[in-house]
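Peer 1: Next input, structure requested:
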Amino acid sequence: MDHFPVFMAVAGRRIVVSGGGEAALAKLRLILKTTAHVTVVAAEAAPEIRRWAAEGRLRLIPRAMEPGDAMCAVLFYAANEDDAEDARVARLAHRDGARVNIVDNLLDSQFITPAIVDRDPVVIAIGTEGAAPVLARRIKRDLEERLPASLGLLARIGKTFRAAADVLPMGVVRRDFWTAFYDRVGPQAVESDGEAAVIPALETLLDETLRATGKAGHVDLVGAGPGDPELLTLKARKALDVADVVIHDRLVSREILELARREAVMIDAGKEGFGAAMAQADIDALIVEHALKGAHVVRLKAGDPTVFGRLDEEIDALAAAGVSWRIVPGITAASAAVASIGQSLTKRGRNSAVRFMTGHDTKGFADHDWKVLARPGEVAAIYMGKRAARFIQGRLLMHGADPMTPVTVIENASRLDQRVLATTLAELEPTLSEAGLTGPALTFLGLAPRDAVAATQTMNIEEFA
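Peer 2: Purely as a prediction, here's the structure:
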């Protein structure tokens with residue numbers, strides 16, 4: 001991000017525009033929506049600019065710009081449509097201490113003017129840092145169509161009611177009150193009886209909310225998917241939008257964590273196999289503690305919470321505390337990983353079942369029906385299998401598995417730094433050790449990357465040497 005988005009206070013402050021043609025007009029149509037004192041410096045000004053000056057909406061100085069014309073200006077626009085003149089007036093404005101924008105010259109501008117959706121006092125600014133103005137305009141058009149015309153009216157009325165709503169406790173209760181007003185109560189009041197009905201509707205909503213205050217919060221047990229934010233479900237995205245507290249695993253990607261509300265409390269409750277970790281009982285207590293304070297809690301787990309996520313223990317703790325909960329499933333790592341190698345988990349004539357296994361459990365390396373797994377054609381997706389690889393390899397070979405059984409390991413499935421390692425059961429170790437995998441990895445027993453995919457995605461053993 002090369003330009004940090006802010007909303008600057010311009011009420012009663014100077015904004016100066018140098019130029020009187022189409023470029024200046026385009027900026028002025030936006031600037032004149034503000035309550036700034038606007039000055040235009042132009043030897044020749046368009047009729048519209050002269051009319052605005054006659055109406056007192058701006059001050060027109062009918063000459064070329066001189067030193068001091070931008071003195072005390074908070075913003076300055078060079079809009080002469082002449083590179084040499086724009087460079088000259090920009091130098092003068094810099095000396096006067098103004099922040100300078102040169103129209104159609106991103107490199108030499110100190111700020112940019114975004115595309116704006118105006119529902120005063122609700123203002124949405126859309127910027128692409130000069131990379132795609134057409135895209136910004138398209139987004140603006142889409143938002144204009146989606147946002148109701150009454151939004152500005154509701155925001156102005158809501159602003160006058162903020163002090164009354166301060167009797168509500170901070171957090172989920174107060175946010176739910178305003179959400180209900182803007183999403184349902186306010187629009188319905190305007191549509192049925194007009195502006196006069198909005199304040200009575202707000203007062204009724206406040207009384208109803210106060211009567212309901214004191215109830216426990218709610219917990220969403222959410223699957224964050226394998227890491228790619230585009231694989232996050234819509235329901236999970238909506239849960240993050242309203243969360244007061246997000247208690248997340250170590251494997252949840254940074255890109256997904258950034259989708260949470262900026263005001264949300266973010267708590268890392270990560271675990272790592274055979275490593276330091278927050279005890280599950282402590283995580284259970286933490287979730288319950290925040291929910292009993294009235295918070296909307298999102299317990300965010302990588303992949304799908306129903307697959308090796310210790311979900312039942314957290315549900316039991318919530319049920320014992322009388323806290324409401326729901327499960328929001330996510331895409332599990334096996335689904336994303338198998339897609340990345342162009343395969344499917346089941347195939348007619350090869351396997352009619354697939355096993356989801358864990359490499360270790362709370363007691364250490366996990367034991368399985370190795371005799372069945374060693375049979376030809378068996379397919380298994382092994383979670384948390386990196387450190388258990390030698391153990392798994394030994395058990396399978398001991399029970400008669402073909403040493404040439406294909407094995408594929410996918411590190412960081414679905415993420416930009418994904419790596420795919422194709423090997424065999426006989427070479428699983430030392431191949432994994434030589435690869436030096438550092439991210440979460442899922443191991444497929446009995447699957448190799450499809451040829452077309454293998455040519456572009458796999459890394460052979462020599463590449464890791």
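
Peer 1: middle-most residue in this protein, spatially?
Peer 2: The residue lying closest to the centre of the chain (CA atoms, centre = their mean) is residue 259, at 2.6 Å.

Peer 1: if I pick that residue, what's in contact with it?
Peer 2: For residue 259, the set of contacting residues under the criterion of CB atoms under 8 Å, 6 or more residues apart in numbering consists of 229, 232, 237, 240-241. Where you see a C-beta, it was placed from the backbone N, CA and C, and this is true even at glycine.

Peer 1: among those residues, which ones are buried?
Peer 2: Burial of those was assessed by neighbour count (16 or more other CB atoms under 10 Å); the buried members are 229, 232, 240.

Peer 1: just checking, the second one touches residue 255?
Peer 2: No: proximity of residue 232 to residue 255 does not meet the contact threshold set by CB atoms under 8 Å, at 9.2 Å.

Peer 1: Okay, and which of the buried ones among the contacts of residue 259 map to helices?
Peer 2: residue 240 (DSSP state H).

Peer 1: and the buried ones among the contacts of residue 259 as a markdown table, adding pLDDT and distance to residue 196?
Peer 2: Output for those, formatted as a markdown table (pLDDT from 0 to 100; distance: CB to CB, whole Å):
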| residue | pLDDT | distance to residue 196 |
| --- | --- | --- |
| 229 | 93 | 44 |
| 232 | 95 | 43 |
| 240 | 94 | 37 |
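
Peer 1: Save the buried ones among the contacts of residue 259 as JSON lines, and put in distance to residue 183 too.
Peer 2: Formatted as JSON lines, the buried ones among the contacts of residue 259 follow (distance: CB to CB, whole Å):
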{"residue": "229", "distance to residue 183": "25"}
{"residue": "232", "distance to residue 183": "22"}
{"residue": "240", "distance to residue 183": "18"}
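
Peer 1: Just name the closest of the buried ones among the contacts of residue 259 to residue 103, please.
Peer 2: Distances from residue 103 to those, taken as CB to CB, are shortest for residue 229 (35.2 Å).

Peer 1: ok, for that closest one, nearest residue in space, not its chain neighbours?
Peer 2: Using CB to CB, 6 or more residues apart in numbering and skipping the chain neighbours, the partner closest in space to residue 229 is residue 255 (4.5 Å).

Peer 1: With residue 66 instead?
Peer 2: Distances taken as CB to CB, 6+ apart put residue 92 closest to residue 66, at 7.4 Å, once the chain neighbours are dropped.

Peer 1: ok, that neighbour touching residue 64?
Peer 2: No: with contact defined as CB under 8 Å, residue 92 does not count as touching residue 64 (10.2 Å).

Peer 1: out of those two, which sits in the busier spot?
Peer 2: Taking neighbours as other CB atoms under 10 Å, residue 92 and residue 64 compare with residue 92 leading, 21 against 15.

Peer 1: so which helix or strand takes in the more buried one?
Peer 2: Taking DSSP states H and E as the criterion, the element that holds residue 92 is helix 83-95.

Peer 1: Below-threshold pLDDT in this protein: ranges please.
Peer 2: Counting by pLDDT under 70, the ranges of the chain that qualify are 214, 271-276, 362, 451-465.

Peer 1: now with 80?
Peer 2: Scanning the chain with the threshold set as pLDDT under 80 gives 1-3, 130-131, 133, 169-173, 212-216, 270-277, 360-364, 451-465.

Peer 1: quick one, domains of it?
Peer 2: In the domain annotation for the chain, the residue ranges read 14-113, 151-212, 218-330, 334-464 (automatic domain parsing).

Peer 1: Where do the strands of the stretch 1-150 of the chain begin and end?
Peer 2: Along the stretch 1-150 of the chain, the stretches classed as strands by DSSP state E, counting those that start in this stretch are 14-18, 37-41, 59-61, 73-78, 99-102, 115-119, 122-126.

Peer 1: export those strands to a markdown table and tack on mean neighbour count and distance to residue 391?
Peer 2: As requested, the strands of the stretch 1-150 of the chain are arranged in a markdown table below (neighbours: other CB atoms under 10 Å; distance: least, CB to CB, whole Å):
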| stretch | mean neighbour count | distance to residue 391 |
| --- | --- | --- |
| strand 14-18 | 26 | 70 |
| strand 37-41 | 22 | 74 |
| strand 59-61 | 16 | 81 |
| strand 73-78 | 26 | 66 |
| strand 99-102 | 21 | 64 |
| strand 115-119 | 17 | 58 |
| strand 122-126 | 15 | 54 |
